[in-house]
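Novice: Mind folding the following:
(one chain, ligands or ions: 2)
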Amino acid sequence: MKIAVLPGDGIGTEIVAEAVKVLNALDLSFEMETALVGGAAYDAHGHPLPDATLALAKAADAVLFGAVGDWKYDRLERQFRPEQAILGLRKHLGLFANFRPAICYEQLTHASSLKPELVAGLDILIIRELTGDIYFGQPRGRRTAVDGHFPGAEEAFDTMRYSRPEIERIAHVAFQAARRRNGKVTSVDKANVLETFQFWKDVVTEVHAQYPDVKLDHMYVDNAAMQLVKAPKAFDVVVTGNMFGDILSDEAAMLTGSIGMLPSASLDAHNKGLYEPSHGSAPDIAGQGVANPLATILSAAMMLRYSLQQPEAADRIERAVQAVLSAGLRTGDIWSEGTRKVGTREMGDAVVAAITGK
Ligand code: NAI
Ligand code: MG
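Specialist: Residues are numbered from 1 along each chain as shown. Ligands and ions are numbered 1, 2, ... in the order given. Presented below is the predicted three-dimensional model:
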């Protein structure tokens, strides 16, 4: 088993180092190879996703990714910006299913934006389609309007589209994920207004016929946004398109307290995946040793579960994270009165100690 380790920029290098330490503590035999990505790769090789990095990611069974980006690259042409590395990896690795669990740890319920009773025990999984929708549909651009409310005015437009195979494959992913959890999927659409999402709803319903053991509901996206803050625990697996998923997964992140706790996975059709924290490179705290490494450590656990077929090892990591939280250790982003503030490295060491029992 080979893991491509791509720490990236900012806190990426600090948090990935802790996840690597945790993986090494498991005593499993995998090979890890590190490469530059993002701004760090641009500085060294003139491109955010150098050929050698892409080749390593392609050859590996899974990719452990930190984060990319920094304000200092904002003026570069788009193709050289660090964030392009993520888009390039998604495209070249065929990653189409983005898993974003939103779990509210019992020890952190006070840190949520919602009342503790609404989020205590929250454990939902948002599955976002990554390749289609209005983000990639053609044509798009600017032109002079020939009709509409202001003919002759300058206008901009994008195209929302989904093909049947794109919807089918993400629906299968969602129903299979639901089988491993509580057998329930909510498909989020805007079928009342958009042809694309009427089609989405029809195709998801057709695929559902192959999963009679899973319960399927449909919900409009505006209602889903409301229900996520009103009764988030009523959801289990949520599956939706690229744009709705982008927005709802960030909303769900805030229910849990800190973005520093949230892992994510982006999977292809063969369980290969890219695993990364849901947050970015946090340039405001980079280099200070204070970033929370738990989202990245939990991403490594997802990697063991989904790509490396090591569910027990994934459980061991997740139990160790619970143990350090129960012991009262907190990085600054989740700290509260009465708990012990620790830095990035101390948090990683504590997870390792909880795993090895030393
Ligand atoms: P961000 O997620 O990097 O930071 C948002 C806020 O959360 C900051 O105050 C930061 O200090 C805090 N934060 C984030 N992760 C944390 C952690 N592990 N522990 C403690 N605090 C944490 O988002 P922002 O500021 O919008 O973007 C910063 C850079 O990251 C930009 O260049 C952006 O493009 C990039 N980015 C990269 C992503 C990726 O690599 N997948 C995803 C999102 C943003
Ligand atoms: Mg987003």
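Novice: Going by C-alpha atoms from here, please, whenever you check contacts or count neighbours.
Specialist: Noted.
Novice: Break down the stretch 101-250 of the chain into its strands, ranges please.
Specialist: 123-129, 141-144, 154-157, 184-189, 215-220, 237-240 (DSSP state E, counting those that start in this stretch).
Novice: who wins for proximity to ligand 1 among the ones you listed?
Specialist: Comparison of the strands of the stretch 101-250 of the chain against ligand 1 by C-alpha to the nearest ligand atom identifies strand 123-129 as nearest, at 14.6 Å.
Novice: re earlier: want to try a markdown table for the strands of the stretch 101-250 of the chain, with distance to ligand 1 as columns?
Specialist: Putting these into a markdown table (distance: least, C-alpha to the nearest ligand atom, whole Å) gives the following:
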| stretch | distance to ligand 1 |
| --- | --- |
| strand 123-129 | 15 |
| strand 141-144 | 23 |
| strand 154-157 | 24 |
| strand 184-189 | 23 |
| strand 215-220 | 26 |
| strand 237-240 | 19 |
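Novice: Buried deepest among those, which one?
Specialist: Ranked by mean neighbour count, the strands of the stretch 101-250 of the chain are led by strand 237-240 with a mean of 27 (mean count of other C-alpha atoms under 10 Å).
Novice: In terms of secondary structure, what does that strand contact?
Specialist: Counting by 3 or more C-alpha pairs under 8 Å, 6 or more residues apart in numbering; DSSP states H and E, the packing neighbours recorded for strand 237-240 are strand 123-129, helix 164-180, strand 184-189.
Novice: Not counting its neighbours along the chain, what's nearest residue 6?
Specialist: Excluding the flanking residues, the one nearest residue 6 by C-alpha to C-alpha, 6 or more residues apart in numbering is residue 65, at 4.8 Å.
Novice: Neighbours of the one you found, how many?
Specialist: Look at residue 65: counted by other C-alpha atoms under 10 Å, it has 26 neighbours.
Novice: Residue 208 now?
Specialist: 20.
Novice: what does residue 31 give?
Specialist: Neighbourhood size, residue 31 [other C-alpha under 10 Å]: 11.
Novice: you'd agree it is up against residue 1?
Specialist: Yes. Between residue 31 and residue 1 there is a contact under C-alpha atoms under 8 Å: 6.2 Å.
Novice: show me the contacts for the residue nearest to residue 81 when sequence neighbours are not counted.
Specialist: Nearest residue to residue 81 in three dimensions, chain neighbours excluded: residue 73, at 6.2 Å (C-alpha to C-alpha, 6+ apart). Contacts for residue 73 (C-alpha atoms under 8 Å, 6 or more residues apart in numbering) come out as 39, 81-82.
Novice: again with residue 84
Specialist: 38, 48-49, 78.
Novice: mind redoing it with 10 Å?
Specialist: 37-39, 47-49, 68-69, 78, 90 (C-alpha atoms under 10 Å, 6 or more residues apart in numbering).
Novice: tell me, what's touching residue 31 and residue 1 both at once?
Specialist: Common neighbours of residue 31 and residue 1, counting by C-alpha under 10 Å, 6+ apart, are residue 60.
Novice: Next, the residue positioned nearest the centre of the chain: secondary structure please.
Specialist: Per C-alpha atoms, centre = their mean, the C-alpha nearest to the average position across the chain is that of residue 264, at 2.9 Å. Using DSSP: H, G, I helix; E, B strand; the rest coil, the secondary structure recorded for residue 264 is strand.
Novice: What's the per-residue pLDDT of it here?
Specialist: Confidence at residue 264, expressed as pLDDT, is 96.
Novice: Check the residue in the stretch 101-250 of the chain that ligand 1 sits nearest to and give its pLDDT.
Specialist: Per C-alpha to the nearest ligand atom, residue 250 is where the stretch 101-250 of the chain lies closest to ligand 1, at 10.5 Å. For residue 250, the pLDDT comes out at 89.
Novice: No further queries at this time; thank you.
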